[in-house]
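Q: The amino acid sequence is not available; the structure is as follows:
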């Protein structure tokens, strides 16, 4: 049955329901923008690999990760066995572009004592990238530790920037949360792979052959393959290895830039394979929720990334 219902995501900002921390990071994830795909040359050093010692070519995805700025802190209180926001505290110096996304309140000192959880309110800085927009995305990041440690870390980072190297490290397995590419209203043939019936079939050809056993009084089972929304769904990919990360953009930028994106200007990470979403999509990266012990990320050592023209020039 896969995913149900197949409807559009509520927001383009991905959400997660399980927060995972590691001993090396204080926050539960980071955000970036999908740049595009390319090819890279690897030296395979896996002991059980059929291509051990050989040079192989694999597809890669580049995610640009500009710094995230901490706008404030949100305090939570346990009410009826549920964490409920109680108060917010914002920094005194924030970017003027933040007013495009929210009403920026006045800053005040952190003096909260009666709380159960603390989270950071952060926002992106898209003006540092090649994206044709200035409006930042605002979201929360959870903090690892006790209440006192969370509050101390929040006070330390208030109004400052977070960088991707503070959260992730090379050869780490991460999970990707993003909204897939939207394809609009599609029929059952493209949406569910229903077989096209022969030309003498009754009524429609591009539809399900049977509408199910229980169809009386206008009732239709939800399992029947019908037309509807396809794409723009929130999806998660597990255990994507980080094979490269840094701020030397000359190693990943093609000669004439990436099509429908431009050039990479900020720190970036390189992942093996593809990830959901179209170019310029906001991607949420978290620590691996169920890391695969058989997946040795250090077996692939990247040697070169293809920087030839991606636009046919």
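A: Thanks, I have the structure now. What you see is a predicted model; the values in this text were computed from it and never measured. Residues are numbered from 1 along each chain as shown.

Q: show me what contacts residue 225?
A: By Cβ atoms under 8 Å, 6 or more residues apart in numbering, the contact list for residue 225 reads 188, 191, 192, 194, 208. C-beta here means a position set from N, CA and C on the backbone, and glycine is covered the same way.

Q: please redo it, this time with the cut-off set to 10 Å
A: 187, 188, 189, 191, 192, 193, 194, 207, 208, 209, 211 (Cβ atoms under 10 Å, 6 or more residues apart in numbering).

Q: In three-state terms, label the residue lying farthest from the centre of the chain for me.
A: Farthest-out residue of the chain from its mean C-alpha position, per Cα atoms, centre = their mean: residue 200, at 46.7 Å. At residue 200, secondary structure determined by DSSP: H, G, I helix; E, B strand; the rest coil is coil.

Q: Now do stretch 8-18, average pLDDT.
A: Along stretch 8-18, the predicted confidence averages to a pLDDT of 93.

Q: should've said stretch 208-227
A: What stretch 208-227 shows for mean pLDDT is 79.

Q: Which positions in that stretch come out as buried?
A: 208, 225 (16 or more other Cβ atoms under 10 Å).

Q: Show the end-to-end separation of it, please.
A: End-to-end span of stretch 208-227 (Cα to Cα, to the nearest Å): 10 Å.

Q: Could you spell out the sheet neighbours of the longest strand anywhere in the chain, each with its direction?
A: The strand that spans the most residues within the chain, counting by DSSP state E, is strand 29-44. Partners of strand 29-44 in the sheet, by DSSP bridges, are strand 55-64 (antiparallel), strand 282-287 (antiparallel), strand 300-305 (antiparallel).

Q: Would you map the strands across the stretch 201-313 of the chain?
A: 228-229, 234-246, 268-272, 282-287, 300-305 (DSSP state E, counting those that start in this stretch).

Q: With mean neighbour count and distance to residue 138 added, can I get those in TSV?
A: Converted to TSV, the strands of the stretch 201-313 of the chain look like this (neighbours: other Cβ atoms under 10 Å; distance: least, Cβ to Cβ, whole Å):
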stretch	mean neighbour count	distance to residue 138
strand 228-229	15	26
strand 234-246	18	18
strand 268-272	23	22
strand 282-287	23	11
strand 300-305	15	33
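
Q: Throw those into a markdown table and include distance to residue 3, thanks.
A: Converted to a markdown table, the strands of the stretch 201-313 of the chain look like this (distance: least, Cβ to Cβ, whole Å):
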| stretch | distance to residue 3 |
| --- | --- |
| strand 228-229 | 12 |
| strand 234-246 | 8 |
| strand 268-272 | 23 |
| strand 282-287 | 18 |
| strand 300-305 | 31 |
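
Q: out of these, nearest to residue 127?
A: Residue 127 sits nearest to strand 282-287 of all the strands of the stretch 201-313 of the chain, at 14.8 Å, using Cβ to Cβ.

Q: Buried ones among the contacts of residue 225?
A: Counted by 16+ other Cβ under 10 Å, the contacts of residue 225 give 187, 188, 189, 191, 192, 194, 207, 208 as buried.

Q: ok, back up a step: mean pLDDT lowest where, among the strands paired with strand 29-44?
A: strand 300-305 (a mean of 86).

Q: how many degrees apart are that strand and strand 234-246 in direction?
A: Here the directions of strand 300-305 and strand 234-246 differ by 70 degrees (axes from the mean of the first three to the mean of the last three Cα atoms, to 10 degrees).

Q: Measure how strand 300-305 sits relative to strand 268-272, angle-wise.
A: 120 degrees.

Q: so which strand or helix has residue 139?
A: Under the criterion of DSSP states H and E, residue 139 resides in strand 138-142.

Q: Relative to that strand, what are the paired strands and their orientations?
A: Using DSSP bridges, strand 138-142 pairs in its sheet with strand 117-123 (antiparallel).

Q: pLDDT on the partner strand, on average?
A: Strand 117-123 comes out at a mean pLDDT of 95.

Q: mind checking how far that strand is from the chain centre?
A: Distance of strand 117-123 from its chain centroid, counting by Cα atoms, centre = their mean, to the nearest Å, is 18 Å.

Q: just stretch 32-49 next, same as before
A: With Cα atoms, centre = their mean, you get 18 Å for stretch 32-49.

Q: ok, and for that stretch, which residues are buried?
A: For stretch 32-49, using 16+ other Cβ under 10 Å, the buried residues are 32, 33, 34, 35, 36, 37, 38, 40, 42, 44.

Q: which one of the strands of the stretch 201-313 of the chain lies closest to residue 86?
A: Of all these, strand 282-287 sits nearest to residue 86, with 25.0 Å by Cβ to Cβ.

Q: Pull out the buried positions in the strand holding residue 139.
A: 139, 140, 141, 142.

Q: before we move on, what about stretch 157-169?
A: 157, 158, 162, 164, 166, 167, 168.

Q: can you check stretch 258-271 too?
A: 258, 261, 262, 264, 266, 267, 268, 269, 270, 271.
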